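Visitor: quick one, fold the following:
(2 chains)
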Amino acid sequence: MSYLSTTDFTEDQPFVDRFERMLRGDLDLSWLDAPRERVTCRPENARRGLTFRDLDVGSYGFTDMPELIRENRSFAPRGAAMPEGLPDLQAEVNRKSEVWAYNIEGYYEEAMTRQWNATTDIPWAELQSVELPEDIGKAYAQLLTFLTEVEMIATDVPAKWMGRLNADFFEVKNFIATQAMDEARHAEIFRKRALSTGWGLMRASAQNEFNLKFLRDADSFAEASLALHLQAEGMVLTLFRFSEYISPTEGDKKLFRLVMQDEARHVGYGMQHLKWVLDHFPERREAIHHHLDEAENFVFGGGYATEVLEPFIILSGKGLKKENIAEGVRITNAFQLKQADEYFERLAKCGLPERRERSRLWKMIDLRKQTMAA
Amino acid sequence: MPAVSAPPPLRFPSRDFFEALREAMRAERERFSRLGFFDTTFGVRISSDDGGEPAEFALRFEVFDCVGVESLAGVETDFVVEGPFAAWREMLDTIHALGAADTAHSLNTLTHFGEQLRVRYDDPDGHDKLYRFAESIQEFFDLSARLDFAYPDGSRPPAARAERQRSAR
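Guide: The predicted model follows:
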């Protein structure tokens, strides 16, 4: 037990007396007198239901929340009366610009309505009736093993930060709770699909796991979000689209469309968060670049992990014959260039257009484009 | 008793075609509600084989419904899916025959490398909505399997192949 109460309540006679009086009907009722703000909240759109945006009113709302949360150190829900004696829960993140994103409330509502079920929404029986050739089956199982590894860390990262955010960031905490659920479902579906191919889980990837460790061990939420939501998930989103493109069956295509939906929503949060940071905390710009320098270093290393690259080549070339490999290399190259282009395009749109010039990853990609063109 | 003639088939591409898709989506409200909020406006551009003006429409989605089919001109869109008539026809023929797109004709596959259909966009956040709502968009286009339509030359998509018709979707 790391936290002990300073009172042993069963030995505290005034407390026991008060408790007994209350159970005899001698009520305190002081909470009834706390002056509260009464508000009217109605769905702006009846078809959408009552959303967080509809609750953005008065002291309960988020629009007028200050940049620094000095007052609430407890779990008091934003807008509630805070009596003396609430504990200081020592939230690590108390600055709005470190977590907030434009339209965060919309991303949460979208996440809640677009949940799906890995057990029942995939035609598993149909998938199991399709026997994949050995080379394709093994390559696919290896890809799914890698994706399971990725999604396990992607579950841990938001879950790790959720309890460290100030309780006033209610909408963000709820959004990253949906993200943790999304990522857990992704780990579930990739594990299920790997086992259902008949080839089982293949080999974990050391190179990839160093990259994942970097994501997990970020020093701040802002750094974790930058590396996870925008960089890693942005690249994984392109990867999911590519995986849909090379999927061997219609059921697998559906699987990747469902996971890409969630991933694109997380990337959307990452983009709107970075925009918010740059708009409200511009002095973070250099720190962002420094963090991206190292994040991109890991991406470059992880991108060339044998356990990731080779299955892509085999799946996109549709086999292991020489001509299949040549075609697979051509398609995989195109995918990696697209992945990098989309990543830098997103950063530019968020307000970091100079990233291309500063990035060693971009220089490597550019060099590769020139080599391919020659 | 006067003979009742069947209504003429819809024509692809046309606004009537996409409005019929909208109606088919309304009839499947429960299914689309399960897929979740679907908030985007995107364009479709079908280039003419003979070099004429492309057919262009904007499709507006809100909450669980398609709330508007209009001309693309002047409409702010998240992205536009464009391509030659032949590529659109191949996609629709497959959907009509199979009840839904097969592995070679899902919208993501057709657009991924821009080989058959291309995605145009100004804002990557808008572009990403193609993926945020990927399943809803795919199922919207898959509803064309139910439409009775013809191409400008009068030809029809292939009839449904009963043995490959999907029922579990």
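Visitor: which residues are in contact with residue A:105?
Guide: Neighbouring residues of residue A:105 by CB atoms under 8 Å, 6 or more residues apart in numbering or on different chains: A:51, A:52, A:53, A:56, A:62, A:171. To be clear about C-beta, it is placed using only N, CA and C from the backbone, and glycine gets the same treatment.
Visitor: now, those residues that are in strands?
Guide: Counting by DSSP state E, no part of these is found in strands.
Visitor: report the two of those separated the most.
Guide: Pairwise distances among the contacts of residue A:105 were taken by CB to CB; the largest, 12.2 Å, belongs to A:51 and A:62.
Visitor: give me the number of residues near the residue of chain B at minimum distance from chain A?
Guide: When scored by CB to the nearest CB, chain B has residue B:36 as its residue closest to chain A, at 3.2 Å. For residue B:36, the number of neighbouring residues by other CB atoms under 10 Å in any protein chain shown comes to 22.
Visitor: which residues does it contact?
Guide: So, once contact is read as CB under 8 Å, 6+ apart, residue B:36 ends up touching A:110, A:113, A:114, A:115, B:64, B:136.
Visitor: out of those, who's nearest residue A:275?
Guide: Set against residue A:275, the nearest of the contacts of residue B:36 by CB to CB is residue A:110 (17.7 Å).
Visitor: so for that closest one, what's the pLDDT?
Guide: The predicted structure scores residue A:110 at 98 on the pLDDT scale.
Visitor: which bits of chain B sit near chain A?
Guide: B:35-37, B:39, B:63-65, B:100-103, B:106, B:108-109, B:112-113, B:123-125, B:128-129, B:131-135, B:138, B:166, B:168 (CB under 8 Å from any CB of the partner chain).
Visitor: whichever of those residues end up buried, select them in PyMOL.
Guide: Of those, the buried ones go into a single PyMOL selection, burial set by 16 or more other CB atoms under 10 Å in any protein chain shown:
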select buried, chain B and resi 35+36+37+39+63+64+65+100+101+102+103+106+108+109+112+124+125+128+129+131+132+133+134+135+138
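Visitor: check which helix or strand residue A:289 maps to.
Guide: Residue A:289 belongs to helix A:285-303 when assigned by DSSP states H and E.
Visitor: that helix packs against which elements?
Guide: Contacting helix A:285-303 under the criterion 3 or more CB pairs under 8 Å, 6 or more residues apart in numbering or on different chains; DSSP states H and E are the following elements: helix A:206-216, helix A:221-225, helix A:250-280, helix A:355-358, helix A:360-373.
Visitor: residues near the closest residue to residue A:230 other than its chain neighbours, how many?
Guide: Spatial nearest neighbour of residue A:230, excluding adjacent residues (CB to CB, 6 or more residues apart in numbering or on different chains): residue A:270 at 3.6 Å. Neighbour count of residue A:270, defined by other CB under 10 Å: 23.
Visitor: which residues touch residue A:270?
Guide: A:101, A:225, A:226, A:228, A:229, A:230, A:233, A:234.
Visitor: so what's whichever residue of the stretch 201-350 of chain A sits closest to chain B up against?
Guide: Nearest residue of the stretch 201-350 of chain A to chain B: residue A:264, at 3.9 Å (CB to the nearest CB). Counting by CB under 8 Å, 6+ apart, residue A:264 touches A:237, B:128, B:129, B:131, B:132, B:134.
Visitor: export those residues to a markdown table and tack on secondary structure, distance to residue A:288 and pLDDT?
Guide: Output for those, formatted as a markdown table (DSSP: H, G, I helix; E, B strand; the rest coil; distance: CB to CB, whole Å; pLDDT from 0 to 100):
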| residue | secondary structure | distance to residue A:288 | pLDDT |
| --- | --- | --- | --- |
| A:237 | helix | 20 | 94 |
| B:128 | coil | 20 | 93 |
| B:129 | helix | 25 | 96 |
| B:131 | helix | 24 | 95 |
| B:132 | helix | 24 | 97 |
| B:134 | helix | 29 | 95 |
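Visitor: got a pLDDT number for the residue of the stretch 201-350 of chain A closest to chain B?
Guide: You'll see residue A:264 listed with a pLDDT of 97.
Visitor: could you measure it against residue A:358, distance?
Guide: Applying CB to CB, to the nearest Å, the value for residue A:264 to residue A:358 is 26 Å.
Visitor: mind checking which helix or strand the residue nearest to the spatial centre of chain B is in?
Guide: With distances taken as CA atoms, centre = their mean, the residue of chain B nearest its centroid is residue B:141 (3.8 Å). Using DSSP H and E, residue B:141 sits in helix B:134-142.
Visitor: now tell me what touches that helix from outside.
Guide: So helix B:134-142 is contacted by A:254, A:257-258, A:260-261, A:264, B:21, B:25, B:31-32, B:35-36, B:38, B:42, B:61, B:66, B:91, B:95, B:99-101, B:106-108, B:130, B:169 (CB under 8 Å, 6+ apart).
Visitor: for stretch A:158-170, same thing?
Guide: By CB under 8 Å, 6+ apart, the residues outside stretch A:158-170 that reach it are A:62, A:65, A:69, A:72-78, A:89, A:91-94, A:96, A:99-100, A:172-173, A:176-177, A:179-180, A:183, A:216, A:221, A:224, A:228.
Visitor: which positions in the stretch 101-250 of chain A make contact with chain B?
Guide: A:109-110, A:113-115, A:123, A:126, A:237, A:240-242, A:244-245, A:247-250.
Visitor: now, of those residues, which are buried?
Guide: Buried among these (16+ other CB under 10 Å): A:109-110, A:113-114, A:123, A:237, A:240-242, A:244-245, A:247-250.
Visitor: circling back: how close does the residue nearest to residue A:230 sit to residue A:58?
Guide: For residue A:270 relative to residue A:58 (CB to CB), the value is 30 Å.
Visitor: again, but for residue B:21
Guide: Taken as CB to CB, the span from residue B:21 to residue A:58 is 43 Å.
Visitor: more neighbours: which of these two?
Guide: Neighbour tally, residue B:21 and residue A:58, criterion other CB under 10 Å: the higher count belongs to residue B:21, 21 against 13.
Visitor: that one: what's it in contact with?
Guide: If you count contacts by CB under 8 Å, 6+ apart, residue B:21 has them with B:66, B:140, B:141, B:143, B:144, B:147.
Visitor: where are the low-confidence patches of chain A?
Guide: Low-confidence segments of chain A, defined by pLDDT under 70, span residues A:1.
Visitor: residue ranges of each domain in it, please.
Guide: A:12-90, A:96-373 (automatic domain parsing).
Visitor: please work out which of the ones you listed is packed deepest.
Guide: domain A:96-373 (a mean of 19; mean count of other CB atoms under 10 Å in any protein chain shown).
Visitor: give me the distance between the two termini of it.
Guide: For domain A:96-373, the first-to-last residue distance is 46 Å (CA to CA, to the nearest Å).
Visitor: tell me who's in contact with residue 73.
Guide: All of this is about chain A. A:86, A:87, A:88, A:89, A:90, A:91, A:166.
Visitor: hmm, I had chain B in mind actually
Guide: Listed by CB under 8 Å, 6+ apart, the contact partners of residue B:73 are residue B:56.
Visitor: residue of the stretch 101-250 of chain A nearest chain B, please.
Guide: For the stretch 101-250 of chain A, CB to the nearest CB, closest residue to chain B: residue A:114, 3.2 Å.
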